[in-house]
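K.L.:
turn this into a structure:
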Amino acid sequence: MRKFHVVSPYEPAGDQKQAIDALAEGFLRGDKYQTLKGVTGSGKTFTMAKIIERVQRPTLIISHNKTLSAQLYREFKSFFPDNAVEYFVSYYDYYQPEAYVPARDLYIEKDASINDEIDRMRLAATYSLMERRDVVVVATVSCIYGLGMPDLYKEMRVHIEKGESRTTHTIAEELIALQYKRNDAVLERGNFRIRGDVMEIFPAYMETDEAYKIEFDWDEVAKIKRFNVMTGKTIEDLDETVIYPARHFVVPHELLVAATERIQRELDVRLAELEAQKKPLEYERLKTRTTYDIEMMKEMGYCPGIENYSAPITGRKTGEPPATLLHYFPDDFLCMLDEAHVTVPQLGAMYEGDRSRKQNLVDFGFRLPSALDNRPLKFAEFSAKLNQVIYVSATPRKEEVKQSTQVVEQLIRPTGLLDPIVEVRPSEGQMEDIYNEIKKRIAKNERSLVLTLTKKMAEDLTDYLLGLSLKVKYIHSEVETFERVELLKGLRAGEFDVLIGINLLREGIDLPEVSFIAILDADKIGFLRSATSLIQIIGRAARNAEGTVVMYADRMSDAMQEALNETKHRREIQEAYNKEHGITPKTIAKAVEDILVHEEKEAEETAAVELAVLKKSANLFVPSQRKKLIAALKNEMAEAADRLEYEKAAVIRDQIRDIENQYGT
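P.N.:
Residues are numbered from 1 along each chain as shown. All right, here's what the predicted structure looks like:
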């Protein structure tokens, strides 16, 4: 069995080693919950990789959005080139869930565009978990949605061994039961073909263009080869191989027949209820749809929306949780929740949103009551399924801290840079004070950020400072996407000195030129001035050795006090470490263009994971597929812009232009 081995030119630095040691030892002694509290720029991802290497357990890493998941997937792929690093996110390019709006008597049919490459990567994740233990799966919250029973998934695999008595006909029957399709013309992923006494099978989960060739000598398996589909060249001769299902939701025929009987019984009971309630429309609607689905399952072994019947098919009782990706992991796995302060609440919110939508479908005769059990896990069910957890966050919530047996801090940056000095000043006279602070920074060729609470405040303040002959611009959600990219570049390059915005958490990821941040209305209660937001805003000034943050307020709010205490605590530890090791903090001395090139490269590499997935699923020479791909890319671009990831949005825009220039619109 392969062991996890981190490949990196770096060794643990700063306080990374103590964080790795403490968390790994905590895991090995059986601590259920731990927290890694690491400041931005301290190398939390590297620490996570070294913990995995130390504990040698299959690991699930959950992130709260696709972009961060793609970035983590790329980083862990580079850390573990010899191990199985898998990517498990929603496989829809576009998804409109089935819904009914009673107020408008509007039924919205499910409409989805499934991305074949992401579907393959999801299957590759479960395949790896079935076959080996050196597996890291990077996932979004889609990992808590129903996936089909792992026991059935494993039980229905086809095992082929050299020398055994089998025929092309018997293996073909088994593959069809696993939802593989026969296509003797073209060998594609999820298909098989038969040519005389040779059968070729292209598993649905293979990462590269590799498939299996089975050669028969009458009724005996004579040879098994793994070969390249494109070149036909043999890669390896095998004594045996295993083929897993082409879909996660597969059921043996006899089980499916028994399931249709259960569905019919549930239908009869529900129809009686609707008749008693004098609902003839709902009665006919449910009867017609469900009867059709039952016949489809009997004849084809499948039907559109079969996941809505997952409870009766698998024999689950009402209210029992579905099987999910978590059920494919062995009992001793490690779960890491990245950006836990966002990810944990998101996991908790999935069930209620899904339930309210499906309840309307059941009430108005579009689905059987058992459809309610095709759902994401409730948070309590998710927690119960976890073995041991490490929360990873720069600003963990009180809930995670309270739950953890230990909170391990990682506060030292390899650059030696400190968290900034933070001051609180009265709001009276704040404009004059801000003007003076900005002038000091301009004299040193440094930049400033000013954070307001509303768009109008940002615009009005910009006009005011322009009237004082300062070079100022504002940025908010109504500013065009690619204009925002140019604004950030302009700030770094010194085209203007002050940027005014509302949040700026996403936009100032790496701004070493910024040495002053002004936070207006710091004492107001709300998300934008919560302790978590204030701590993250303060962190934006931690790239400059002269970093200073001023909170303008008329009183000291609890959130402000917490942010001040946390920053003071971090700074004291960082100063002590620098003094002990003779480190003098220095602002990152990179040319602006170098920083921009680096960020664009990061954005390109992160986007490449998702864009490669999209592009692999389409033949660009086919106009309809090209049109579908461009629509999916535009959707990705819009989502990136909504998340304020402008470099990534620009990369996708360029990809769209390249495709249109090369192949036509």
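K.L.:
alpha carbons only for contacts and neighbour counts from here, please
P.N.:
Will do.
K.L.:
tell me where the stretch 1-150 of the chain has strands.
P.N.:
Ranges of strands in the stretch 1-150 of the chain, per DSSP state E, counting those that start in this stretch, are 33-38, 59-62, 84-88, 92-96, 99-101, 106-108, 111-114, 135-139.
K.L.:
most tightly packed of those strands?
P.N.:
Scoring those by mean neighbour count under mean count of other CA atoms under 10 Å gives strand 135-139 as the most buried, with a mean of 28.
K.L.:
for that one, packing partners?
P.N.:
Helices and strands touching strand 135-139, as assessed by 3 or more CA pairs under 8 Å, 6 or more residues apart in numbering; DSSP states H and E, comprise strand 59-62, helix 66-79, strand 84-88, helix 116-131.
K.L.:
low-confidence stretches in this protein?
P.N.:
For the chain, the stretches flagged by pLDDT under 70 are 92-97, 110-115, 477-485, 503-510, 588-620, 641-647, 665.
K.L.:
still on that earlier bit, to Pro330, which of the strands of the stretch 1-150 of the chain lies closest?
P.N.:
Of all the strands of the stretch 1-150 of the chain, strand 59-62 sits nearest to Pro330, with 9.8 Å by CA to CA.
K.L.:
ok so, going back, now the strands of the stretch 1-150 of the chain in TSV, with distance to Gly163?
P.N.:
Formatted as TSV, the strands of the stretch 1-150 of the chain follow (distance: least, CA to CA, whole Å):
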stretch	distance to Gly163
strand 33-38	50
strand 59-62	37
strand 84-88	30
strand 92-96	42
strand 99-101	53
strand 106-108	54
strand 111-114	39
strand 135-139	32
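K.L.:
so which of those strands comes closest to Phe192?
P.N.:
Among these, strand 111-114 comes nearest to Phe192, with 21.0 Å by CA to CA.
K.L.:
Tyr302 is nearest to which of the strands of the stretch 1-150 of the chain?
P.N.:
Closest to Tyr302 of those, according to CA to CA: strand 111-114, at 16.9 Å.
K.L.:
so what pairs up with Gly38 in the strands?
P.N.:
With DSSP bridges as the criterion, Gly38 is bridged to Gln410.
K.L.:
looking at the strands of the stretch 1-150 of the chain, which is closest to Ala272?
P.N.:
Nearest to Ala272, of all the strands of the stretch 1-150 of the chain, is strand 99-101, at 22.1 Å by CA to CA.
K.L.:
what packs against that closest one?
P.N.:
When contacts are defined as 3+ CA pairs under 8 Å, 6+ apart, strand 99-101 packs onto strand 106-108, helix 340-363.
K.L.:
deepest of those, which one?
P.N.:
Of all those, helix 340-363 carries the top mean neighbour count, a mean of 17, counting by mean count of other CA under 10 Å.
K.L.:
after it, next one along is what?
P.N.:
helix 379-385 (DSSP states H and E).
K.L.:
report all helices and strands that that following helix contacts.
P.N.:
Under the contact definition 3+ CA pairs under 8 Å, 6+ apart, helix 379-385 sits against helix 340-363.
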